[in-house]
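Novice: Sequence and predicted structure, then a few things I'm wondering about:
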Amino acid sequence: MIELRHLRMIQALAETGSVSAAAERVHLTQSALSHQLGALERYLGVTLLDRSRRPLRLSAAGERLLLAARRTLPEVEAARAEVLRLSHKHAPEQLRIAVECHSCFDWLMPAMDAYRAKFAEAELDLVSGFLPEPLDLLLDGRADLAVVSTMRDWPGVSYLPLFRYEIVALLAPGHVLADKPWLGAQDFSGQTLITYPVPDQALDVVQRVLKPAGISPERRTAELTVAILQLVASRRGLAALPRWAAQAQIERGYVQARPIGEQGLWSSLYAAFRSDDLALRQRFVEVLRQSAFQTLGGLMQADALA
């Protein structure tokens, strides 16, 4: 028998291209997912996955099940939501989201739209203003989920990984450093670093690259991403932003991007929420991940949590 868990597994495999990442998404161990996949293949008498390719690809039979998953799972979720609404036993889900990064709205808004499309009864909202300590809002009930860049051991708070992303150096076309394949800490010496007006603890390029090297460039701040990019393009300094935040301007040639360090500077984002809400928040995080990977380029799967 083909069950909903099988369809969720096939969809996760198709979207991640990895058994380990798919297992994390459907909350199984890698061995449990492999066992589930093998049992389904034996039941159907077909191979569902082309294991010779990296990333993994579905076979023709797997693609047919993926089509069924994409048709069936949204309908099941919609029916579940409607039954709950008709029962009058469940209040509409309220999800107030706090963020600590200025550029997160580039992918968060499409993710919220995707979630509303699946769960029409959900009431989603953003907690206004820049929040240097969003976890405080979780614990005092002013927010239900926070997007954070580090996991800290706070009583009553749990985390789910979202994705890894690259932070790139941005410079004007024709800049003296534009011929370099990547920038190191010393390249920022004598330059002006343009950032959001946030504490240094929130700036990966400062904490992980410049401070360890003893480099402290002149600083300038701007509230908006578009303002930072305009300053970079007009040769007022360098910036270090997530690639997604400047991708359109990079493609237009308005600014140029270079890796920071030979291997690049990578960071991760996590969803933080009250531990009692784990079951409810998992479904939002799954939609958020899917939307982000569809909306943004160059992302990687975040490390699974212990």
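Specialist: Sure, I can see it.
Novice: Ramachandran angles for residue 111?
Specialist: phi -70, psi -40 (degrees, to the nearest 10).
Novice: Wait, it touches residue 294, no?
Specialist: No: counting by C-beta atoms under 8 Å, residue 111 does not reach residue 294; the two are 9.4 Å apart. The way it works is simple: take the backbone N, C-alpha and C, and place the C-beta from them, glycine included.
Novice: Looking at those two, which one has more neighbours?
Specialist: Ranked by neighbour count (other C-beta atoms under 10 Å), residue 111 and residue 294 place residue 111 first, with 23 against 13.
Novice: could you list every residue that touches the closest residue to residue 70 other than its chain neighbours?
Specialist: Distances taken as C-beta to C-beta, 6 or more residues apart in numbering put residue 11 closest to residue 70, at 7.0 Å, once the chain neighbours are dropped. For residue 11, the contacting residues are 66, 69-70, 73, by C-beta atoms under 8 Å, 6 or more residues apart in numbering.
Novice: buried set for stretch 273-286?
Specialist: 273-274, 281, 284-286 (16 or more other C-beta atoms under 10 Å).
Novice: and for stretch 272-280, what are the contacting residues?
Specialist: Counting by C-beta under 8 Å, 6+ apart, 93, 134-135, 138-139, 144-148, 151, 156-160, 281 sit against stretch 272-280.
Novice: avg pLDDT for it?
Specialist: Per-residue pLDDT values over stretch 272-280 give a mean of 85.
Novice: next one: stretch 233-251
Specialist: 94.
Novice: and the end-to-end length of it?
Specialist: 13 Å (C-alpha to C-alpha, to the nearest Å).
Novice: What separation do you get for residue 104 and residue 58?
Specialist: Applying C-beta to C-beta, to the nearest Å, the value for residue 104 to residue 58 is 31 Å.
Novice: got it, and residue 50?
Specialist: For residue 50 relative to residue 58 (C-beta to C-beta), the value is 7 Å.
Novice: which of these two has more neighbours?
Specialist: Neighbours per residue, other C-beta under 10 Å: of residue 50 and residue 58, the larger number sits with residue 58, 19 against 12.
Novice: just checking, that one touches residue 9?
Specialist: No: the criterion here is C-beta under 8 Å, and residue 58 misses it with residue 9 at 11.2 Å.
Novice: So in terms of bridging, what pairs with residue 171?
Specialist: residue 256 (DSSP bridges).
Novice: show me what contacts it?
Specialist: 177-178, 232, 238, 255-256, 258.
Novice: Also residue 72?
Specialist: Remark: with contacts taken as C-beta under 8 Å, 6+ apart, residue 72 is in contact with 4, 7.
Novice: picking up where we left off before, what about the residue nearest to residue 70, helix or strand, and which?
Specialist: helix 4-16 (DSSP states H and E).
Novice: pLDDT averaged over that helix - what is it?
Specialist: On average, helix 4-16 scores 90.
Novice: Just the buried residues of it, please?
Specialist: 6-16.
Novice: now swap in stretch 115-123 and tell me
Specialist: 115, 118-119, 122.
Novice: Same question for stretch 236-248.
Specialist: For stretch 236-248, by 16+ other C-beta under 10 Å, it's 237-247.
Novice: Show the low-confidence segments of the stretch 1-150 of the chain, by residue range.
Specialist: 78, 81-82, 84-92, 128-132 (pLDDT under 70).
Novice: which residue ranges form the strands in it?
Specialist: Taking DSSP state E, counting those that start in this stretch, the strands of the stretch 1-150 of the chain run over residues 49-50, 57-58, 94-99, 123-126, 145-148.
Novice: between these, which one is nearest to residue 223?
Specialist: strand 94-99 (14.7 Å; C-beta to C-beta).
Novice: Which other helices and strands does that closest one contact?
Specialist: With contacts defined as 3 or more C-beta pairs under 8 Å, 6 or more residues apart in numbering; DSSP states H and E, the packing partners of strand 94-99 are helix 105-118, strand 123-126, strand 145-148.
Novice: Out of those, which is the most enclosed?
Specialist: strand 145-148 (a mean of 24; mean count of other C-beta atoms under 10 Å).
Novice: tilt between the helix ranked longest in the chain and helix 4-16?
Specialist: Using DSSP state H, we find that the single longest helix of the chain is helix 60-87. Put simply, helix 60-87 runs at 120 degrees to helix 4-16, going by axes from the mean of the first three to the mean of the last three C-alpha atoms, to 10 degrees.
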